[in-house]
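S.K.: okay, structure incoming, though there's no sequence with it:
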């Protein structure tokens, strides 16, 4: 096991879960180490410029940070179950779930973790206590809890967030009753992205886990399936088979979930896009420059927006536009994708023009080409 890659992450980390699932599914050997490992602080952090997980350190000592870059690194090398469908509708839907998982489900995940702290404090203290530094544990937990308002978690929005979670579980449970993954018999980038919040927070923390087990057993079983080292298709009598659905099919059972995504995703994206257009027009986004002044910063401003019609002030994160850009690139000019998105009230995701592109360079996001 020498020269095996190292995954720096934590069991309760949303994005670590996404990468860990991918590595297991591809049969890629790794060792997982916490960020409290001295090598992480002494060697890895200086290379990436910030303390963040997950990070993969390859056998040659090079490092790759961010789930998009990590997964794409291995995709370029060739894997047994590619995360990217080859057909346009399935690829676009997979990227839609990638976008929704970040901008939509991070809110749910953080709400259920921190709004119910009194009911799961011992569990979370144990999870965040890796490394044995009680002061650091308390500091990290307090910092994570402080993000709730920026994500739109408040007394006013919490009932809508919890109704959204129930609705999502219902829709996904119906789908996974018939299908093992989103668009076939192997996971797509949409599955891996969805797995992050549905495992690390919602499928692991005691309060949301109990809801999932009680109300959506097929979703809970999918969470198990995504963590298995094989495709784990035993219930579907499909052992030995794998692939994405033939004919670029999008299962009809996903339609209610796509409708929910449209309702929840578009208002926040539309408001943030207005902010980005003004930000770019002001000259603040300079091509070739990092998207924020400091590597650890994730937002460039705040915007008045809403979730299910309930207003809140949310952060504008350039990474969101990177994922939106990936969706638009995947859809290209496909008529079949346009028809599918129009049927589900998602056309704006394809029609809105982003004023600037974003790319990853040296493990951070940088402004790329302007679109005007």
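M.R.: Structure received. For clarity, every value in this text was computed on a predicted model and none was experimentally measured.

S.K.: quick one: low-confidence ranges for the stretch 1-150 of the chain?
M.R.: Segments of the stretch 1-150 of the chain classed as low confidence (criterion: pLDDT under 70) are 1-3.

S.K.: at 80 instead, please
M.R.: 1-3, 131-132 (pLDDT under 80).

S.K.: quick one: the helices in it, in order.
M.R.: 14-26, 38-39, 45-48, 67-77, 88-103, 105-114, 117-128, 134-145, 148-151 (DSSP state H, counting those that start in this stretch).

S.K.: so what's the residue count around residue 143?
M.R.: Burial of residue 143, expressed as a neighbour count using other Cβ atoms under 10 Å, amounts to 9. For the C-beta atoms, the positions are set from N, CA and C on the backbone; glycine is no exception.

S.K.: okay, the helices of the stretch 1-150 of the chain in CSV with distance to residue 213 next?
M.R.: Formatted as CSV, those follow (distance: least, Cβ to Cβ, whole Å):
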stretch, distance to residue 213
helix 14-26, 18
helix 38-39, 37
helix 45-48, 37
helix 67-77, 26
helix 88-103, 21
helix 105-114, 14
helix 117-128, 15
helix 134-145, 24
helix 148-151, 25
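
S.K.: domains of the chain?
M.R.: Domain segmentation of the chain under automatic domain parsing yields 5-77, 93-251, 253-370.

S.K.: make CSV out of those and add distance to residue 87.
M.R.: As requested, these are arranged in CSV below (distance: least, Cβ to Cβ, whole Å):
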stretch, distance to residue 87
domain 5-77, 16
domain 93-251, 4
domain 253-370, 9
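
S.K.: right, and those domains - which one's nearest residue 86?
M.R.: domain 93-251 (7.5 Å; Cβ to Cβ).

S.K.: distance between the ends of that closest one?
M.R.: With Cα to Cα, to the nearest Å as the measure, the ends of domain 93-251 fall 11 Å from one another.

S.K.: how about residue 103, what does it touch?
M.R.: With contacts defined as Cβ atoms under 8 Å, 6 or more residues apart in numbering, the neighbours of residue 103 are 265, 268, 269, 320, 323.

S.K.: cool, and residue 56?
M.R.: The neighbourhood of residue 56, defined by Cβ under 8 Å, 6+ apart, consists of 5, 6, 7, 8, 19, 30, 63, 64, 65, 70, 73.
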